[in-house]
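# I would like the atomic coordinates for the input below:
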Amino acid sequence: MSIRDKFVKKDGNGRDGHTRKIKAVTRGGGGGGSWSRQFLRRFLNRYRGAFTRRTKPPHMALGIATTSFKIALSFIVILGFVAGGSLLGIANAYINTAPDLDIARLTDTNLSSYIYDGDGELITMYSGIENRSWASIDEIPEMLQNAFIATEDARFYSHPGVDIKRIVGAFVGNFTSGGSQGASTITQQLIKNRMLTPERSYKRKIQEAYLALVLEKNYEKPLILEAYLNDINLAQSNYGVKSAAKDYFGKELSELTIRECAMLAGITQNPSKYDPRRNFYVRNTPEVTNNRTDTVLSRMRDNGYISNEEYEAALAEPLNIRENATGSGMYEMPYFVEYGVYDVVTKMLQSRNLEDTTANRAKMDEELRTGGYHIYLTVDREVQKAMEETIYNWNRYPAMMNSADKVIKTMNADGSYTELVQPQISATTLDWRTGELRGIVGGRQEPTGKKQLNRAYMSSQPIGSSMKPLAVYGPAIDVMNYGAGSIVWNMQGPVDGWISDKGYPASDPPYAPVTFRRSIQNSLNISSARTLMELSGPDAINNSISYLEKMGVSLDNLNPTGAGLALGTSGMTTIEMAVAFGSIANKGTYITPIAFTQVKDSDGNVVLDAKAMQETRQVFKPGTAWLLIDMMKNVINSGTGTSGRIPGYTIAGKTGTNDNYRGVTFCGINAYYTSAIWVGHDNYKPLRYAYGGSTCAPIYKEYMTNILNTKELPNADIITDSPESLGLKKITVCGVSGKLPTDACSHDASGIGTVTDWFPVEFNPGTCDMHQDITVCKESGKVAGQYCPETETRSYVVIDPDSSYAKITNLGSVFKVYSIGNSGIATQACDVHTSDWNNQNLNRQAAVNNANSTISWCQSQMNSLGNRLTAAQRSELNNLIASLQALINDSGSTADAINASNTALRNRATSIFNNAPQPTPTPSATPMPTPTPSPSPDPED
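As a prediction, this is how the structure comes out:
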């Protein structure tokens, strides 16, 4: 129950104090004379004891003062009656203009809020200028209550709101000492602090006394004391005993010692003078605080609240004041905490149907700081710490292309400069199953101050090829029923609707027809552009934007062009990236991301339930999501993201690299989290040859490995449903047309063949119409000519002359045989077995025949001559024969080479044989064969 709920009238009529304003009792008019006279009569009757004769002779000065006061007061009373109550009329006027006693104003103090992590552990206090925490009277120890009563209002429980004895005492004291002793009771102080201005005037004092009397007439003392102890200024922006105890001592109220209670009670008389932190650590005057504390202890003893023994022990006890204020330093996990507050403000505005403007956000943030809320964030300390440790200590950030860009200097208000190292980073980790954000890092260094740039949600940067699964392949599969094996040509040539000098984007090879799977795996640009602009229907751009919007991507930074969507020149934050990829992991279902679960008020009532505010919507069909995840596994296993592979875990992901290396990205997906990373220059300057796969993926691997291992999470598939249960099946398609294959597709002249992969069951592209059979040379693979020695039946590609494929200039580098419409394929005839080749082949055959004859003759003569040839001669001839035989066996040797080698053998053999010793009688040598004449040239040559 709140203090306002407990403020009810003493008569027990049950009227709710916080909904009523107490009017002045019979204020003005009524029977029995004017209210002023009635009030004066009651006042004098109640305090007539103050004017009775003392039994002990007073001090002379005191006697003079007392007598003077009585005479003056009597004179005022008499004069008031004589003058028709003119002075009391003035007092009555002041009272009539006093504000109504509004209990809400007495109890609605600003209270500090508190922020907790996902496990309910306190992270930090979140407060405005004033640090306030409400404590019920039952929470405040009696020793602490008594310390304040003894110091500020010893007769608190006996006076009716105004202490006449104290007023007289203060008057006499001030008269004799020339000082300025106060006479306000605790009730009066509460009224002054909460309902009146701080002006020093008779009007304010009269209204203060009047309202104090009314308050005490209607409400119980403990509740008044509770309101007071939660409102008093205790220095260092601490208001109320609970916040002061936590700030100065780091203790709960129940843990305070007697001396600590006395110290707190001593501050309120003069918070600036008795500020304990300044006295101990700034002014170096701890004795000021200690002496004041000793004074309070003395009053506690004199009023019977502590024994003499307790008093002596408390005097000897040292005070241990914390040097740093509770809210002065940086809180833990600042990037997450500050985004969490941002998310709370956003949803509070939504819940109240308020426009999200700068002014409204400022008001809501101030309410959070002063409303005594308890904010429960979704941050997971293990996830957040793993991310922070990796990112803050990473030593492999890329260099800048221009070394002058490695630091950004900003001028501060005092003329000094702050240097911010570049490149910078942002990273976000999301539990895609619940939509709860688990870790956020918005910069490369740990923040040194509050509310610094948090790139995770404040910086929307182009994400490069990380956009492709979200804006290109996901919508194409979902709308057009394409599959992982669908074919798109990654070939250089104009792309329909593409705006650039060349009419198509730059891309890495292979420059050929590729599957969607291969295009995503290798992050190919031209195929991505063609998929969006040529394969996804006439409204592809609008469809793509619609899908992104369904995944929670802000349209403010989207570039609604081919480059913006197919190449990722559109901007996104890492929070948006993690959420969008999380929608894919969640079987195509988007869940509103939340950074907090609940906000409770100071009484524990839930005032904002983020879980209840979450929206879910189906973005992609579950089968589409399965296909995207399956293809992105290839990115990690054998594509551009292999550096993000984590042994023992199933990981999917997508890399991104912006044009001219102006920022790189990566988003990794596992069975538990999606985590997105951006690395780049805050002013979009180029990095030095950085890629998403080599820059961001290793960072992901580092912290995600730590997260998975620390939390001991087992490996699991990302989408556990079977593809068949999600409406998918394996289908074989032509590797050129992407349609159902004919027999001709399987023996494509270029060897492209067919592809088998997963498709939606609705996939029905028709039969391939791009292949026709033709006889080709078995060696060259091109259309066979009359000289091709071996041929076979293969198919060639027929390209529609009206398609963009017909404009590709390097078709011949991919297709060995093709035609554009019926233009014919003669230009692709076999270029190996030409007439020149045929003539050369005939000449070579003649040379081979002659060479074989020479070898046979030489070997015959060597056998006939026997030992008349020396070993050296035989060796020489055998070597010449071997060289000639090698040329004969080499199909690539020419007729000229064979003839030259043949001539060398014949000439040398003739010389050796003719000079060999002749036996008696000498048999005649076998005549050398006559060479075969060369054939006549081909008539077509």
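# can you give me the helices for the stretch 551-700 of the chain?
In the stretch 551-700 of the chain, the helices defined using DSSP state H, counting those that start in this stretch lie at 562-566, 574-585, 610-613, 622-638, 697-710.
# and for the last one, what's in contact with it?
With contacts defined as C-beta atoms under 8 Å, 6 or more residues apart in numbering, helix 697-710 is touched by 382-383, 386-387, 389-391, 394, 396, 425, 427, 429, 641-646, 649, 653, 655, 666, 668, 670, 672-673, 675, 677, 679, 713. Any C-beta I mention is one placed from the backbone N, CA and C, and that applies to glycine too.
# can you map out the strands along the stretch 501-650 of the chain?
Counting by DSSP state E, counting those that start in this stretch, the stretch 501-650 of the chain has these strands, from start to end: 513-515, 571-572, 589-591, 596-600, 606-609, 616-618.
# give me the distance from the fifth one to the chain's centre.
In terms of C-alpha atoms, centre = their mean, to the nearest Å, the centre of strand 606-609 is found 24 Å from the chain centre.
# buried residues of it, list them for me.
L608 (16 or more other C-beta atoms under 10 Å).
# for that strand, what is the average pLDDT?
For strand 606-609, the per-residue pLDDT values average out at 97.
# and for the fourth one?
pLDDT averaged over strand 596-600 equals 98, rounded to a whole number.
# ok so, going back, go through the helices of the stretch 551-700 of the chain and pick out the most buried.
Mean neighbours per residue, mean count of other C-beta atoms under 10 Å, is largest over the helices of the stretch 551-700 of the chain for helix 574-585, with a mean of 28.
# pull the CA atoms of it into PDB?
Extracted as PDB, the C-alpha positions of helix 574-585 are listed here (Å, rounded to 0.1, in the frame of the first residue of the first chain):
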ATOM      1  CA  THR A 574      22.600  -4.400 -36.100                       C
ATOM      2  CA  ILE A 575      19.500  -4.700 -34.000                       C
ATOM      3  CA  GLU A 576      17.400  -4.700 -37.100                       C
ATOM      4  CA  MET A 577      19.700  -7.300 -38.700                       C
ATOM      5  CA  ALA A 578      19.600  -9.600 -35.800                       C
ATOM      6  CA  VAL A 579      15.800  -9.400 -35.700                       C
ATOM      7  CA  ALA A 580      15.400  -9.900 -39.500                       C
ATOM      8  CA  PHE A 581      17.600 -13.000 -39.500                       C
ATOM      9  CA  GLY A 582      15.800 -14.100 -36.400                       C
ATOM     10  CA  SER A 583      12.600 -14.100 -38.300                       C
ATOM     11  CA  ILE A 584      14.100 -16.600 -40.700                       C
ATOM     12  CA  ALA A 585      15.400 -18.800 -37.900                       C
END
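# begin at 39 from here
Okay, residue one is now 39; in that scheme the one you just asked about reads as helix 612-623.
# before we move on, back to that, and I153, which of the strands of the stretch 539-688 of the chain is closest to it?
Of all the strands of the stretch 539-688 of the chain, strand 634-638 sits nearest to I153, with 8.7 Å by C-beta to C-beta.
# partners of the closest one in the sheet?
Looking at strand 634-638 with DSSP bridges, its partner strands are strand 412-415 (antiparallel), strand 644-647 (antiparallel).
# quick check, pLDDT for T64.
Looking at T64, its pLDDT stands at 34.
# the one 5 residues further on now?
As summarised for this prediction, G69 has a pLDDT of 39.
# picking up where we left off before, tabulate the strands paired with strand 634-638 (JSON lines), appending distance to Y266.
Supplementary listing: these in JSON lines, determined by distance: least, C-beta to C-beta, whole Å:
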{"stretch": "strand 412-415", "distance to Y266": "24"}
{"stretch": "strand 644-647", "distance to Y266": "27"}
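# what's the closest of the ones you listed to Y369?
strand 412-415 (11.3 Å).
# what residues of the longest helix belonging to the chain count as buried?
In the chain, taking DSSP state H as the definition, the longest helix is helix 873-903. For helix 873-903, burial by neighbour count (16+ other C-beta under 10 Å) applies to 876-877, 880-882, 884-886, 888-889, 891-893, 895-896, 899-900, 903.
# let me know which of the strands paired with strand 634-638 is the nearest to L907.
Short answer: strand 412-415, nearest of the strands paired with strand 634-638 by C-beta to C-beta, at 102.1 Å.
# now that closest one: how far from the chain's centre is it?
19 Å.
# pull the residues that contact it.
151-156, 158, 161, 164, 374-375, 378-379, 382, 406, 633-640, 642.
# thinking again about what came up before, and the strands of the stretch 539-688 of the chain as TSV, adding distance to M496?
Output for the strands of the stretch 539-688 of the chain, formatted as TSV (distance: least, C-beta to C-beta, whole Å):
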stretch	distance to M496
strand 551-553	38
strand 609-610	12
strand 627-629	22
strand 634-638	18
strand 644-647	23
strand 654-656	26
